[in-house]
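> mind folding the following:
(chains A, B and C)
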Amino acid sequence: MDNSLVLLLLLTPFVGFLFNVFLGKKAGKGISGALGTLAVVVSFAMSVYFFMQLNASGKPIAIKLLDWIQIGNLKVDFGILLDQLSLLWLLFVTGIGSLIHLYSISYMHDDENMHKFFAYLNLFVFFMITLVVGSNLLVMFIGWEGVGLCSYLLIGFWHKNQEYNDAAKKAFIMNRIGDLGFLIGIFILASLFSTLNFVEMKQALSAGNTNTALYSIAALCLFIGATGKSAQLPLYTWLPDAMAGPTPVSALIHAATMVTAGIFMITRMNFLFDVTPEVQNIIAIVGAITALVAASIGLFQNDIKKVLAYSTVSQLGLMFLALGLGAYNVAVFHVITHAFFKACLFLGSGSVIHALHGEQDMRKMGGLRKAMPITFATMLISTLAIAGIFPFAGFWSKDEILMVAFEHNKGLWIMGSIASIMTAFYMFRLMYLTFFRDFRGTEEQKHHLHESPSLITWPLIILAALATFGGLINLPGSNWLNHFLEPILARKHEEHALGSQEYMLMGIALTGAIIGIGWAYSKYIKEGFVPKQDSEIVGFSKTIYHKYYVDEFYMSLILKPLNALSNFFRTTLEPALGNIVYGLGTVANGLGNQGKKVQTGSIGLYLFAFVIGVLALVSYLFLGQ
Amino acid sequence: MDNILNQIGIENYIFLSILLFCIGVFGVLYRRNAIIVFMSIEIMLNAVNLLFVAFSTYHQDPKGQVFVFFSMTVAAAEVAVGLAILVSVFRNIGSVDISNLKNLKG
Amino acid sequence: MAPVLIIFYVLAAITLASAFLTIYSRNPIHSAIYLVICMVSIMGHYLLFNAQFLALVQLIVYAGAIMVLFLFTIMLMNLNKEDEVHKPRITRLGAITVLVLLSTVLLLLFRHSKPFFGDYAPIEGDFQSIKKLGTVLLDNKDGFMVPFEFTSVLLLVAMIGAVLLSKKEKQTK
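From the prediction side, this is the model:
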C-alpha cells in the first residue's frame, strides 16, 4: 500500500511531464495547464497523507525500490526515505508548487509554448521530489542534477532572447562548479563508509572511527555543492541573472524550493557537519558575508525581480549562518517561512509585471496601490514578514537565527542584524516605488492597469495567509517544529528560555526593522525620491549598483585567462600537434606513392613473384628443418 | 594386372608428376599468350590429378579417385568461365597477350 | 624389364614430350593438339592403374569437352598463326631459372619425405572399379552424395557465368 502511494507521490508529476511533452500541444492550453496542476496537487495530497501518518506514528518510512549499484563493497540502492525532514520539504515543495502551477495557468496563458512550460514545471517537481525523498546521496544527486536541468530549461524558456539564453547557461555552469564539489564529496563519503545511505552513514559515524581530516574535506566539498545550488558566495551570481525566466519559475525554483536544496542537503548530513566544526565555521562566515553583500547590492537595484533575487540570496545567507552555527531546525524554520513570503512576493511582482505588460523597472512604476489592491495587500504582508515585523512569520524565524548568532558570536550577530535592517529598507523601497505616489509609466500602460484575474490572486492570498501565520509552527514556547525535527538531528537543540536577553534581542531586531522602514519612508515617500538613470550613478553606490563588479571580476580572473589559454591551444598547440599528425600522414602518403611503382600491372612479373613466393614457402616449411 | 605399383613403383609416378608440374609452371612463366598459359594450368592440374590417382592406388582407397572426379568438375567449370573471360578480354582489347593486360597497375 | 614398366616409360615419355611441345610450339592450334595427346596419355596412365571411370572421364572431359572449347576459342580469336612477339631474354632466363629451382625443390622435397613411405604392402580387394567408385560416390550415408549434387550447381553457375561474360554488352546510351 505504502509502496504504491509513494510511487504515486513520486511519479505523478513525471506522468504530467510526459503528457505535456507528447500530448500537451494537441490537448490545448486549458487541459495542459489543468493536468499539470492536478499532477502536483496529487503529489501534495500524498505528502499530506504521509505527513499525517508520520505525525501519528513517528516512524520514518524507508522503501527500497530496487538494487542499483554494487561495486566491491559499495552498495547503493534506489531507495526512498520519508522522514520528518523530507516530509516537511515535500509539503512545501508540492504545496507551493501547486499554488504556483495554478498561478501559471493564468500567467502563461498568452504564451504559445504553455504546454512546454508546464512540462518543465512538472519535471522540476518530479526531480525536486526525487531530491528530497532519496534515501541516499546518489538518489539525491539525481534530483540535484535534474532540478539544475529544469532550472536551465526554464530560465531559458524564452529562448529567442540571447541574454536569457546566456543567463541560463551561466546558471548551469555555475551550478556545475558546485556539483563537482558535491560529487567529490560523495566519492569521499563512499570510500569512507562504503555506503551512501543516510541512516547507515549516521550509524557508522556515531559508532566512532573518526577520520576527521577526510570528514572535513568531504563536508567542505558538500558545502561547495550547496553554495552552487543555494547561491552563496562565491557562486551566487547566477541567481540574479536567473530572473530572466518567467516569474512563476523565479517564485518556485529560484526562491522557494530549488535554492533551498543546499540547506536541505546540509541538514540531511547534519551528523557529518557536527563532527567538523571548522567547516561549520566556514559555513557560518560565508553565510553571514553573503547575507550582508547581497543585501547591500539589493539596496540599489531598480529591477523589481532583481531586488527580490538579491533578497533571496541574502535570506539564504542567513539560513547558512544558522546552519553553520549548528541550528539546523532554525534554518529549516526560516526556509519554510521564507518559502511562503518569498513565493508570495515573487508572484506579486509577477502580477505587477503582468499588469504592466512586461515592465520590470521600478522607476517606471508607482501608484499601483489603487489599481491592484489585492496584489498590494498580499505583497505588503509578505514584505512585513520578510522585514521581520511582529507578528508575521519572518519575525519569528529571523529572530531565532539572530538569537543563535548572538549566543555564538557577536560579530556574526552584528552582520546578520545589519543585513536585516538593509532587507527592511530595500523591501520597503520596493513597495514604495511600486505602489505609492504617482504612476511614472506611459499613458497607455496607465490606461490598461488592472487587478489580475482570480487564478493569480488566490495563490497570493493563500501565500500571504501562510506568511502571516507561518510563524506559529515554531513559536518560542511551543516549539512544535523543533520537537518534530528532533529525531533526525544528531545533536539535541537546546531550548531557549524566554528570558530578558531574548526579549531584548527581539526588541533590537524589531527596532532595526522599523528603522529600515522609516529610512525608506523618509526617502521615498516624503522626499519622493526616484532612483536616477544608470549613467548618473556615481561613487561607491555605482560600485554597488554594478554588484561590486563581481561578474567583471570573475570575467577577468577566470574567463580571460581561460580564453587566453584556449587561444594558445588553438593557435599554437593545435597546429603543432596537427603538423605532427599531418606529417605522419604525408610520410605514409609518400611511402605509398613510392610503393605504388612496384605495382607495374605486368601479370608476367606477378606470376614470377608468386611462384618464387610459393617456392620460398615450401622450402621453408618442408626443407628448412 | 593387380599391384601395378609393385612393378612400376610409386617413385616413378612422383617423378613424372613433378616433371609435368614443372613443365606447367614453366609454361605459365614463359609464354605470354593467355590461352597457352591456360593450357599450362591444365597441365599442372593433370599432374596433380595423376599423383592423386597414384596414391589412391597406393593406399588402396577409392576416395582419392573421388577427389580427382571433383577436381575435374571444377577444372571444367574453370575452363568454361576462364575462356569466356578471355573472349571478352579479346573483344575489348583485341589481344590476349598478357603483357598488354596492364589494368592492375597501381 | 616387365612389360608394364615398358608401357609406363613409353607413356611417360609421350606425356612429358607432348606437354613440353604444348608450351613450346608457337602456333596455338598446335599447342592444343599436343595438349590432347598429353591428356590421352594421362588417360593411359589411369588405365594402367585400372581406374576405368576416371580414364573415361579424362577422355570425355579433357580430351573432348575442354579441348573443343580451347580450339573454338582459338579459332574465334583467329589466333592460328605465330604472331607472338619475341620474348625478352630476361623472361626466358627467369623462366628457366625458376623451372630449375622448382624441380630441385620438389625433388628434394620428395627425397626428404621418402622415409615416411615405409614398405609397400599391397592388399587384395576391389577399390577402383566403377562399381566400387559409384558406391563410394553416391552412398548417402558416408558417401559424397551432397557434394556430388553440388557439383551440378557449380556447373550450372559456371554455365550462366560463361554465357553472361561472353554476351555482347548492350550499348547503354
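> please make it C-alpha for all contacts and neighbour counts, starting now.
Fine.
> can you tell me the residue of chain C closest to chain B?
Minimum separation of chain C from chain B (Cα to the nearest Cα) falls at residue C:162, amounting to 4.9 Å.
> which element is that residue on?
Using DSSP states H and E, residue C:162 falls within helix C:145-166.
> list of residues touching that helix?
B:70, B:73-74, B:77-78, B:80-81, B:83-85, B:87-88, C:137-140 (Cα atoms under 8 Å, 6 or more residues apart in numbering or on different chains).
> just the buried ones from the residues you listed?
Among the contacts of helix C:145-166, the ones that count as buried by 16 or more other Cα atoms under 10 Å in any protein chain shown are B:73-74, B:77-78, B:80-81, B:83-85, B:87-88, C:137-138.
> mark which of those are part of helices, please.
When DSSP state H defines the helices, the subset of these inside them is B:73-74, B:77-78, B:80-81, B:83-85, B:87-88, C:137-138.
> Three-state assignment for residue A:110, please.
Following DSSP: H, G, I helix; E, B strand; the rest coil, we place residue A:110 in the coil state.
> that one: how many residues sit nearby?
By the measure other Cα atoms under 10 Å in any protein chain shown, the count of residues near residue A:110 is 10.
> closest point of chain A to chain B, which residue?
For chain A, Cα to the nearest Cα, closest residue to chain B: residue A:601, 3.7 Å.
> for that residue, phi and psi?
Main-chain torsions, residue A:601, degrees, to the nearest 10: phi 90, psi 0.
> cool, residue C:27 as well?
Main-chain torsions, residue C:27, degrees, to the nearest 10: phi -90, psi 120.
> mind checking how far it is from chain A?
20 Å (Cα to the nearest Cα, to the nearest Å).
> ok, that residue - how many residues close by?
17.
> what's the most distant pair in the buried ones among the contacts of helix C:145-166?
The span of the buried ones among the contacts of helix C:145-166, defined through Cα to Cα, is set by B:88 and C:138 at 37.7 Å.
> what is the longest helix of chain C by residue count?
helix C:89-113.
> pull out the buried positions in that one.
Within helix C:89-113, the residues that count as buried by 16+ other Cα under 10 Å are C:91, C:95, C:98-99, C:102-103, C:105-107, C:110.
> hmm, who's touching it?
For helix C:89-113, using Cα under 8 Å, 6+ apart, the contacting residues are A:608, A:611-612, A:615, A:619, A:622-623, B:14-15, B:18-19, B:22-23, B:25-26, B:29-30.
> hang on, residue A:78 is in a strand, isn't it?
Yes - secondary structure of residue A:78 (three-state DSSP): part of a strand.
> tell me if I'm right that it and residue A:139 touch.
Yes - counting by Cα atoms under 8 Å, residue A:78 does reach residue A:139; the two are 6.6 Å apart.
> okay, the two: which has more neighbours?
Neighbour count, other Cα under 10 Å: between residue A:78 and residue A:139, residue A:139 has more, with 22 against 17.
> now do the helix or strand hosting that one: everything it contacts.
Using DSSP H and E, residue A:139 maps to helix A:137-155. Contact with helix A:137-155 is made by A:76, A:78-79, A:117, A:120-121, A:123-124, A:127-134, A:164-165, A:167-169, A:171-172, A:175, A:179, A:186, A:196-198, A:242-246, A:249, A:253, A:258, A:261, as judged by Cα under 8 Å, 6+ apart.
> so how far is that helix from its chain's centroid?
Remark: helix A:137-155 is offset 9 Å from the chain centroid, using Cα atoms, centre = their mean, to the nearest Å.
> C-terminal to that helix, what's the next element?
helix A:162-193.
> how far is that following helix from where the chain is centred?
11 Å.
> next structured bit after it?
Next helix or strand after helix A:162-193 toward the C-terminus (DSSP H and E): helix A:198-206.
> can you give me the buried ones in that next one?
Buried positions in helix A:198-206, judged by neighbour count with 16+ other Cα under 10 Å: A:198-199, A:201-202, A:204-205.
> quick revisit: can you report how many residues neighbour the residue of chain A closest to chain B?
17.
> please report how far it lies from residue A:481.
Going from residue A:601 to residue A:481 by Cα to Cα, to the nearest Å gives 93 Å.
> could you give me the buried positions within the strand or helix carrying residue A:294?
Counting by DSSP H and E, the element that carries residue A:294 is helix A:277-298. Residues of helix A:277-298 classed as buried under the neighbour-count rule (16+ other Cα under 10 Å) are A:279-298.
> just stretch A:434-448 next, same as before
A:434-437, A:439-441, A:445-446.
> please narrow these to those residing in helices.
Using DSSP H, those in helices are A:434-435, A:445-446.
> list the contacts for residue A:262?
So residue A:262 contacts A:223, A:225-227, A:229-230 (Cα under 8 Å, 6+ apart).
> just give the nearest non-adjacent residue to the residue nearest the centre of chain C, would you?
Using Cα atoms, centre = their mean, the residue of chain C that lies closest to the mean C-alpha position is residue C:39, 6.3 Å off. Leaving aside its sequence neighbours, residue C:39 sits nearest to residue C:63 (Cα to Cα, 6 or more residues apart in numbering or on different chains; 5.9 Å).
> isn't that neighbour right up against residue C:41?
No - with contact defined as Cα under 8 Å, residue C:63 does not reach residue C:41; the gap is 10.1 Å.
> got a pLDDT number for the spatially most central residue of chain B?
The C-alpha lying nearest the average C-alpha coordinate of chain B belongs to residue B:45 (Cα atoms, centre = their mean; 2.4 Å). Residue B:45 is assigned a predicted lDDT (pLDDT) of 93.
> can I take it that it is in a strand?
No - Residue B:45: not assigned to a strand; according to three-state DSSP it is helix.
> OK, contacts around it?
B:21, B:75.
> and it, how close does it get to chain C?
On the measure of Cα to the nearest Cα, residue B:45 and chain C end up 11 Å apart.
> swap in residue A:7?
Computed as Cα to the nearest Cα, the residue A:7 to chain C distance reads 63 Å.
> in which helix or strand would I find that residue?
If you go by DSSP H and E, residue A:7 is part of helix A:2-22.
> one step back: and the residue nearest to residue C:39, how many neighbours?
Neighbour number of residue C:63 under other Cα under 10 Å is 21.
> sec struct for it, please.
helix.
> wouldn't residue A:32 be in contact with residue A:24 here?
Yes - counting by Cα under 8 Å, residue A:24 is a contact partner of residue A:32 at 5.3 Å.
> quick check: neighbours shared by the two?
Joint contacts of residue A:32 and residue A:24 (Cα under 8 Å, 6+ apart) are residue A:115.
> returning to that earlier point: pipe the ones in helices among the buried residues of stretch A:434-448 into JSON lines and attach distance to chain B and pLDDT per row.
Below are those laid out as JSON lines (distance: Cα to the nearest Cα, whole Å; pLDDT from 0 to 100):
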{"residue": "A:434", "distance to chain B": "84", "pLDDT": "83"}
{"residue": "A:435", "distance to chain B": "87", "pLDDT": "82"}
{"residue": "A:445", "distance to chain B": "80", "pLDDT": "72"}
{"residue": "A:446", "distance to chain B": "84", "pLDDT": "74"}
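> before we move on, back to that, buried sites along the helix holding residue A:7?
A:6, A:8-21.
> farthest-separated two in those residues?
A:6 and A:21 (23.4 Å).
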